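# Using only what follows, build the 3D model:
(2 chains)
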Amino acid sequence: GAVVSQHPSRVICKSGTSVKIECRSLDFQATTMFWYRQFPKQSLMLMATSNEGSKATYEQGVEKDKFLINHASLTLSTLTVTSAHPEDSSFYICSATRDSSNQPQHFGDGTRLSIL
Amino acid sequence: GESVGLHLPTLSVQEGDNSIINCAYSNSASDYFIWYKQESGKGPQFIIDIRSNMDKRQGQRVTVLLNKTVKHLSLQIAATQPGDSAVYFCAEMDAGNMLTFGGGTRLMVKP
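You can find the predicted model right below:
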């Protein structure tokens, strides 16, 4: 089955640090990847849609200069949380889908980000 | 739109019993629906999907029912096992492949 790998799984760092999270589709090409954020006991909230070779599309209220997305290849998208602060602490999850309509998104195992 | 809440509803069942998890979706134009299982500290795991031209689909121990008239989706798990304990999310997909998640239900299986 489809596998999406996300790295790192856990990050603890000081306030002001920039953190990069990688999302890879391991056995299929993904023109589109998605980045979600999840707070405890809540559902997943879409942050942005990452498109290979073009700019990401951000959801309302998500700062594009804060959350930089790069989708440089058909198997890799990165999310960089710039100058992270404690309020950015959350569980970040990526997903990828095969390039067809009505295909499930397959999720990575998430990155737990804790900013001290 | 997305459903966000501070407290997940919880379904507690005895091991071996059947579980039914319900979900109401919002967009009548959604034509594809997915159930995901999320264990603590992990990403959502695909369980089963259904397209809008169907009203029932069965997998291994799981069945999804779709009622488009009332915009309702359910997940039935037969002979629930301790390993089924997790949070379950329904999700609806529009024509642009965008997923909208429901609020989630925590399933607790008592041995």
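# Pick out the residue in chain B sitting closest to chain A.
B:Gly43 (3.7 Å; CB to the nearest CB). In this view, the C-beta of every residue, glycine as well, is placed from N, C-alpha and C.
# mind checking how far the residue nearest to that residue when sequence neighbours are not counted is from A:Thr78?
Spatial nearest neighbour of B:Gly43, excluding adjacent residues (CB to CB, 6 or more residues apart in numbering or on different chains): A:Phe107 at 3.7 Å. Computed as CB to CB, to the nearest Å, the A:Phe107 to A:Thr78 distance reads 16 Å.
# Mind checking which of the two has more residues around it?
A side-by-side neighbour count of A:Phe107 and A:Thr78, using other CB atoms under 10 Å in any protein chain shown, places A:Phe107 first with 24 against 19.
# what's near enough to touch that one?
A:4, A:93-95, B:36, B:43-46 (CB atoms under 8 Å, 6 or more residues apart in numbering or on different chains).
# Show me what it is bridged to.
A:Ser95 (DSSP bridges).
# which bits of chain A sit near chain B?
A:4, A:6, A:32, A:34, A:41-46, A:49, A:93, A:95, A:97, A:101-110, A:112 (CB under 8 Å from any CB of the partner chain).
# switch to 6 Å and redo it
Contact residues (CB under 6 Å from any CB of the partner chain) of chain A with chain B: A:41-45, A:93, A:97, A:102, A:104-105, A:107-110.
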